[in-house]
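Trainee: Have a look at this prediction, sequence included:
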Amino acid sequence: MNVQQLLRAYEHGERNFAGINLQGADLRGEALIGVNFQGANLMGANLSRTFLLKADLSGAALNWANLAHAKLNDAQLVGADLTKATLDGAFMVNAQLVEARLCGASLDHTNLRGGNLRRANLCGANLARVNLRQANLNQANLAWVNAQEARLGHADLQHANLHHGNFSRAFLRDVNLLGMDLAGLNFSGAKLYGANLRQANLQGSNLVEANLKLACLVEADLRGAKLVGAKLEGADLRNVLLEPENLAYLPGIDRPVLANLTYHSPNAHGGWQGLPQAVG
């Protein structure tokens with residue numbers, strides 16, 4: 001079936017096109033609302049500005065496809081292959097992308113609010129300015145992503161792989177990062193207001209000018225972290241691991257906060273001991 005045959009069938013009420021081969025097809029700007037493209041071959045297809053609201057693209061091959069500014073709200077993309085696909089500016093509110101493959105995909109300014117990306121593979125994806133508020137990214141692979149200015153407020157990031165990710169100026173208000181490995185990540189200028197970073201590993205991370213007001217950093221490991229200009233007013237810093245010399249880089253902390261801070265330093269036996277008297 002070619003594109004013209006597909007469009008004629010759609011006009012006559014047909015919606016089931018499961019397994020169809022439309023590799024490289026040009027469907028830009030077409031209205032294909034509620035279609036069934038399960039397992040379809042849409043590799044390299046041009047679907048820019050196409051209306052695919054509530055479409056079922058589960059298991060579809062969308063490698064290298066152009067979905068820029070496409071309308072995919074409430075679409076099913078479970079297990080779809082979107083490797084290297086272009087999704088810039090697409091509307092994908094509440095889309096289902098469980099176990100989808102998005103390695104190297106571009107999602108600049110994409111709206112994925114409330115989307116389900118559980119166990120999705122986004123390794124190396126461009127997530128700059130993406131809207132992932134309230135999205136489910138549990139167990140997702142976000143290694144090497146560029147998430148500058150991404151909006152991730154209230155997103156579920158538990159058990160996600162964030163290694164080598166760039167979250168500079170990202171919005172991460174109230175996110176739960178309990179016990180996660182965030183070592184070496186770039187959170188410069190990030191909005192982590194009220195975030196749960198309890199027992200998180202932030203060794204060597206870049207938190208320059210990050211907003212950590214009211215964040216929970218209890219027992220977090222901040223050894224080697226860059227904290228110049230970080231805003232930590234109201235943060236819970238009990239038993240945080242922090243080199244004494246780093247106190248000089250916390251200009252946002254007032255005296256009452258310093259009085260309650262108990263940081264740790266290596267003792268002669270290589271262990272860790274509290275030294276609250278050094279910050280009184």
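Mentor: That came through, no problem. Predicted model only: the values in this text are computed from it and were never measured. Numbering: from 1, shown residues only.
Trainee: any low-confidence regions in this structure?
Mentor: Applying pLDDT under 70 to the chain flags the ranges 245, 247-280.
Trainee: could you pull out the strands for it?
Mentor: 264-266, 272-274 (DSSP state E).
Trainee: Tell me if I'm right that Lys213 and Tyr193 touch.
Mentor: Yes. The pair formed by Lys213 and Tyr193 meets the contact definition of Cβ atoms under 8 Å, at 5.2 Å. (Each C-beta comes from the backbone N, C-alpha and C, glycine too.)
Trainee: More neighbours: these two, which one.
Mentor: Under the criterion of other Cβ atoms under 10 Å, the comparison of Lys213 against Tyr193 puts Tyr193 first, with 20 against 17.
Trainee: quick one: the more buried one from Gly204, how far?
Mentor: 22 Å (Cβ to Cβ, to the nearest Å).
Trainee: and Phe51, what is it in contact with?
Mentor: By Cβ atoms under 8 Å, 6 or more residues apart in numbering, Phe51 lies in contact with Glu30, Ala31, Leu32, Ile33, Ala70, Lys71.
Trainee: What's opposite it in the beta bridge?
Mentor: Ala31, Lys71 (DSSP bridges).
Trainee: From Leu72, how far out is it?
Mentor: 9 Å.
Trainee: got CSV for the contacts of Phe51, with neighbour count too?
Mentor: Converted to CSV, the contacts of Phe51 look like this (neighbours: other Cβ atoms under 10 Å):
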residue, neighbour count
Glu30, 17
Ala31, 14
Leu32, 20
Ile33, 14
Ala70, 29
Lys71, 21
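Trainee: JSON lines for those residues, including distance to Arg133?
Mentor: What follows is these, written out as JSON lines (distance: Cβ to Cβ, whole Å):
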{"residue": "Glu30", "distance to Arg133": "29"}
{"residue": "Ala31", "distance to Arg133": "27"}
{"residue": "Leu32", "distance to Arg133": "27"}
{"residue": "Ile33", "distance to Arg133": "25"}
{"residue": "Ala70", "distance to Arg133": "20"}
{"residue": "Lys71", "distance to Arg133": "19"}
